[in-house]
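S.K.: Whatever this is, show me its structure:
(one chain, ligands or ions: 1)
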Amino acid sequence: MSIHVEARNVVKRFGPTVALNGAKIAIAEGETHALLGRNGAGKSTLVSILTGLQRPDEGEVLFSGEPAPAPGDRDAWRQRVACVYQKSTIIPALTVAENLFLNRQSDGHGPINWRTLRGRARELLDTYEVDVDVQTLAGDLSVEQRQLVEIARALSFGARFIILDEPTARLDGPAIERLFARMRSLREQGVTMMYISHHLDEVYEICQSVTVFRDARHIMTRPVAGLPQDELVHAMTGEATSAYHARERTPGERVVLSGEGLSLAGRYRNVDVSVRAGEVVGLAGSASSGKVGLAETLVGLRGADTGTVVVNGTKVKPGDVPAAMAAGLGFVPEDRHHEGFVPLLSVGENATFPIARKLGRFGVVSPSRRREKAKEMITALDIKTEGPDQPVGDLSGGNAQKVVFARALVDDPTVLVVINPTAGVDVKAKQALLGAVEDAAERGAGAVVVSDELDDLRICDRVLVMFHGEIVKDVPRGWTDHELVAVMEGIQE
Ligand SMILES: Nc1ncnc2c1ncn2[C@@H]1O[C@H](COP(=O)(O)OP(=O)(O)OP(=O)(O)O)[C@@H](O)[C@H]1O
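M.R.: So this is what the prediction gives:
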């Protein structure tokens with residue numbers, strides 16, 4: 001089989017960090033090839049080099065045996081490769097049609113003809129069987145629709161090689177199945193794909209080959225069929241890793257978080273929840289179930305039409321997150337890029353933000369105390385960084401998520417609410433984060449884990465399942481995967 005995409009001996013440095021150290025990958029024509037590695041292993045750096053966004057310090061990239069285009073020749077790159085990122089690259093304030101033809105609206109002869117543009121956009125989406133109205137504002141699309149539009153856009157430039165960088169991180173079960181069906185049909189049409197994910201089961205389901213990077217180096221490339229999962233995990237971590245075992249505990253009596261009579265039009269209705277000290281409560285359901293909206297109300301990020309929220313004895317005003325935090329709340333938001341961290345501030349500043357007032361007198365933070373506390377959190381959560389002074393924007397995705405976690409935990413919260421807590425984090429780091437939630441519960445905090453990752457929900461004492469905006473079942477510990485998924489998908493009452 002011929003090689004479609006190849007990177008040889010790639011070295012890439014960022015200051016003192018060596019992100020890729022003689023790394024390589026070779027992807028055969030028409031295959032779906034997984035790239036795996038722990039957080040910070042160098043995967044995204046390779047993506048930026050394979051898409052021409054960054055130049056390697058050493059090494060080369062070849063497409064079908066030919067050297068890659070010159071760095072500035074964006075059109076030539078677009079014809080060879082496209083990437084669907086976890087973070088959207090489409091512009092929310094523009095329509096789908098405008099996004100599809102961004103920078104190519106006119107043919108260079110006179111003004112843009114909007115009607116023709118819409119027609120071409122419709123035709124393009126029809127070709128790839130994407131059922132989205134081209135006049136919709138891109139900001140109103142679901143994550144799934146947005147990804148389909150991005151894939152269609154990539155193919156329309158003529159690219160026969162698509163990189164999918166953690167595409168399932170924000171999709172629910174049925175949407176993941178639909179994405180996989182589409183990937184299979186693209187593969188049948190001869191499209192080559194590179195697939196990045198921290199979910200090993202997905203790799204076994206959709207990929208034919210896998211390459212593992214560890215500490216900036218290539219560790220192995222193998223066919224997926226017949227490869228034992230232990231060997232894969234060992235290649236990623238360099239050690240044997242055992243499965244995570246959720247702990248047993250007996251929750252206390254005191255209610256530390258409650259929501260009563262909560263309704264928000266279009267999101268959820270008639271919800272009553274209460275979480276006791278030392279209890280971990282899961283909130284599960286499909287993307288349209290209302291679980292994220294409800295969690296955002298519980299932390300004060302989003303108002304409700306009716307009902308009240310009480311955090312640790314304090315009634316929280318809708319929209320007043322600082323008041324909820326002052327009452328003892330720690331929070332990991334759904335979208336770390338928007339609400340999670342400030343990229344230009346350092347790891348230390350981000351991680352210690354909620355305790356800034358306590359660390360210094362008269363509101364002035366002592367840099368040495370901040371560094372000390374930040375170092376503690378870096379060790380506790382195993383954050384891969386040059387140190388507390390590095391800007392969070394320079395960290396790999398999974399390590400940035402750990403900083404958001406550190407911020408939620410730093411002030412020993414009485415109530416901890418985490419939304420998709422392990423999104424983008426690797427196999428081992430996931431265990432550290434779930435362990436941190438269980439530690440908090442053992443210290444007496446009440447926690448809410450909002451997720452549809454079954455591994456995340458396994459640490460919960462009970463799981464509230466939402467369907468179409470209502471809590472349909474309170475499932476105690478001891479469920480099987482099949483049972484819980486059936487309730488989440490509304491198959492079983
Ligand atoms: N612009 C940058 N400036 C400084 N360091 C960087 C920059 N981009 C990446 N790095 C560093 O390079 C290393 C590799 O990061 P990369 O994002 O490629 O990892 P990754 O394998 O994609 O991780 P994840 O699974 O968390 O997304 C990390 O240590 C990261 O901090």
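S.K.: quick one: buried residues of stretch 336-349?
M.R.: 336, 340-341, 346-349 (16 or more other C-beta atoms under 10 Å). (C-beta placed from N, C-alpha, C; glycine too.)
S.K.: chain center to it, what's the gap?
M.R.: Offset of stretch 336-349 from its chain centre (C-alpha atoms, centre = their mean, to the nearest Å): 15 Å.
S.K.: Next: stretch 367-376.
M.R.: 28 Å.
S.K.: ok, which stretches of the stretch 351-493 of the chain are strands?
M.R.: Per DSSP state E, counting those that start in this stretch, the stretch 351-493 of the chain carries strands over the ranges 415-419, 446-450, 462-467, 470-476.
S.K.: near the ligand too, which of the buried residues of stretch 336-349?
M.R.: On the criterion C-beta under 6 Å from any ligand atom, none of the entries of the buried residues of stretch 336-349 sits beside the ligand.
S.K.: Filter these down to the ones in helices?
M.R.: 347-349 (DSSP state H).
S.K.: Relative to Ser263, which of the residues you listed is nearest.
M.R.: Nearest to Ser263 among these: Glu349, at 37.9 Å, using C-beta to C-beta.
S.K.: Could you check the pLDDT of that closest one?
M.R.: Here, the pLDDT recorded for Glu349 equals 82.
S.K.: and if you look at Gln86?
M.R.: pLDDT, read off for Gln86, is 73.
S.K.: can you redo the ones in helices among the buried residues of stretch 336-349 as JSON lines with distance to Gly387?
M.R.: What follows is those, written out as JSON lines (distance: C-beta to C-beta, whole Å):
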{"residue": "Val347", "distance to Gly387": "7"}
{"residue": "Gly348", "distance to Gly387": "8"}
{"residue": "Glu349", "distance to Gly387": "12"}
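S.K.: and of the residues you listed, the nearest to the ligand?
M.R.: Distances from the ligand to those, taken as C-beta to the nearest ligand atom, are shortest for Val347 (10.2 Å).
S.K.: The closest one reaches Asp394, doesn't it?
M.R.: No: contact between Val347 and Asp394 fails when scored by C-beta atoms under 8 Å: they sit 9.1 Å apart.
S.K.: Show me which residues of stretch 411-418 are buried.
M.R.: Buried-residue list, stretch 411-418, by 16+ other C-beta under 10 Å: 411, 413-418.
S.K.: would CSV of the residues you listed with distance to the ligand and pLDDT be doable?
M.R.: As requested, the buried residues of stretch 411-418 are arranged in CSV below (distance: C-beta to the nearest ligand atom, whole Å; pLDDT from 0 to 100):
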residue, distance to the ligand, pLDDT
Asp411, 25, 86
Pro413, 25, 93
Thr414, 30, 95
Val415, 28, 96
Leu416, 22, 96
Val417, 23, 96
Val418, 18, 96
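S.K.: Now do stretch 205-219, average pLDDT.
M.R.: Averaged across stretch 205-219, pLDDT comes to 97.
S.K.: how does the chain divide up, domain by domain?
M.R.: 3-237, 255-488 (automatic domain parsing).
S.K.: Determine how far the last residue of the longest one lies from the first.
M.R.: So the one you mean is domain 3-237. Domain 3-237 has its terminal residues 28 Å apart, counting by C-alpha to C-alpha, to the nearest Å.
S.K.: Deepest-packed of the domains of the chain, please.
M.R.: Using mean count of other C-beta atoms under 10 Å, the stretch among the domains of the chain with the largest mean neighbour count is domain 255-488, at a mean of 20.
S.K.: now the strands for the stretch 1-150 of the chain?
M.R.: Using DSSP E, counting those that start in this stretch, strands in the stretch 1-150 of the chain cover 3-14, 17-28, 32-36, 58-63, 66-67, 82-84.
S.K.: So what touches the last one?
M.R.: By that I understand strand 82-84. 47, 51, 147, 150-151, 153-155, 157, 159, 161-165, 167 (C-beta atoms under 8 Å, 6 or more residues apart in numbering).
S.K.: same deal with the shortest one?
M.R.: Residues from elsewhere that reach strand 66-67, judged by C-beta under 8 Å, 6+ apart: 60-61.
S.K.: run the last query once more with 7 Å
M.R.: Identification of contacts with strand 66-67 by C-beta atoms under 7 Å, 6 or more residues apart in numbering yields Glu60.
S.K.: for the stretch 101-250 of the chain, which spans come out with low pLDDT?
M.R.: Residues of the stretch 101-250 of the chain meeting the criterion pLDDT under 70: 103-112.
S.K.: ok, stretch 167-177 near the ligand or not?
M.R.: No: judged by C-beta under 6 Å from any ligand atom, stretch 167-177 and the ligand are separated, with a smallest distance of 10.2 Å.
S.K.: The protein against the ligand: which residues are in contact?
M.R.: 14, 17, 19, 37, 39-45, 384, 394-399.
S.K.: now, which of the residues you listed lie within helices?
M.R.: Using DSSP H, the residues of the chain next to the ligand in helices are 43-45, 397-399.
S.K.: which of these lies closest to Gly282?
M.R.: Nearest to Gly282 among these, with distances taken as C-beta to C-beta, is Gly398, at 21.9 Å.
S.K.: what about the residue nearest to Gly300 when sequence neighbours are not counted, which helix or strand?
M.R.: Leaving aside its chain neighbours, Gly300 sits nearest to Ala324 (4.1 Å; criterion: C-beta to C-beta, 6 or more residues apart in numbering). For Ala324, the element it lies in under DSSP states H and E is helix 321-326.
S.K.: Contacts for that helix, please.
M.R.: With contacts defined as C-beta under 7 Å, 6+ apart, helix 321-326 is touched by 299-301, 311, 316-317, 354.
S.K.: same thing with stretch 244-257?
M.R.: Residues outside stretch 244-257 that contact it (C-beta under 7 Å, 6+ apart): 274-279, 298, 311-312, 414-415, 431, 434, 438, 441-442, 444, 446, 448, 458-459, 461.
S.K.: before we move on, what about stretch 14-34?
M.R.: Outside stretch 14-34, the residues that reach it (C-beta under 7 Å, 6+ apart) are 1-13, 35, 42, 45-46, 183, 187, 190, 192-195, 203, 206-211, 213, 216-218, 386, 394.
S.K.: Stretch 226-242 too?
M.R.: 36-38, 200, 210, 212, 214, 219-220, 427-428.
S.K.: which among the residues you listed gets closest to the ligand?
M.R.: Checking the contacts of stretch 226-242 one by one against the ligand (C-beta to the nearest ligand atom), the nearest turns out to be Gly37, at 5.1 Å.
S.K.: Not counting residues beside it along the chain, what's closest to that closest one?
M.R.: Phe213 (3.9 Å).
S.K.: Likewise for Pro251?
M.R.: Counting by C-beta to C-beta, 6+ apart, the residue nearest Pro251 is Glu279, at 3.5 Å.
S.K.: Hmm, Gly446 and the one you found touching each other?
M.R.: Yes: between Glu279 and Gly446 a contact is recorded at 5.3 Å, counting by C-beta atoms under 7 Å.
S.K.: Please save the CA atoms from stretch 295-315 in PDB.
M.R.: Presented in PDB, the C-alpha positions along stretch 295-315 are these (Å, rounded to 0.1, in the frame of the first residue of the first chain):
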ATOM      1  CA  ALA A 295     -25.400  22.400  36.200                       C
ATOM      2  CA  GLU A 296     -24.800  25.900  35.000                       C
ATOM      3  CA  THR A 297     -27.800  27.100  37.000                       C
ATOM      4  CA  LEU A 298     -26.600  25.200  40.100                       C
ATOM      5  CA  VAL A 299     -23.300  27.100  40.000                       C
ATOM      6  CA  GLY A 300     -24.900  30.500  39.200                       C
ATOM      7  CA  LEU A 301     -23.600  30.700  35.600                       C
ATOM      8  CA  ARG A 302     -27.100  30.600  34.100                       C
ATOM      9  CA  GLY A 303     -30.300  32.000  35.600                       C
ATOM     10  CA  ALA A 304     -33.500  29.900  35.800                       C
ATOM     11  CA  ASP A 305     -37.100  31.100  35.100                       C
ATOM     12  CA  THR A 306     -38.300  29.600  38.400                       C
ATOM     13  CA  GLY A 307     -36.800  28.000  41.500                       C
ATOM     14  CA  THR A 308     -34.000  28.600  44.000                       C
ATOM     15  CA  VAL A 309     -30.400  27.300  44.400                       C
ATOM     16  CA  VAL A 310     -28.700  27.100  47.800                       C
ATOM     17  CA  VAL A 311     -24.900  26.500  48.000                       C
ATOM     18  CA  ASN A 312     -23.700  25.600  51.400                       C
ATOM     19  CA  GLY A 313     -26.500  27.500  53.100                       C
ATOM     20  CA  THR A 314     -26.300  30.500  50.900                       C
ATOM     21  CA  LYS A 315     -29.100  31.300  48.400                       C
END
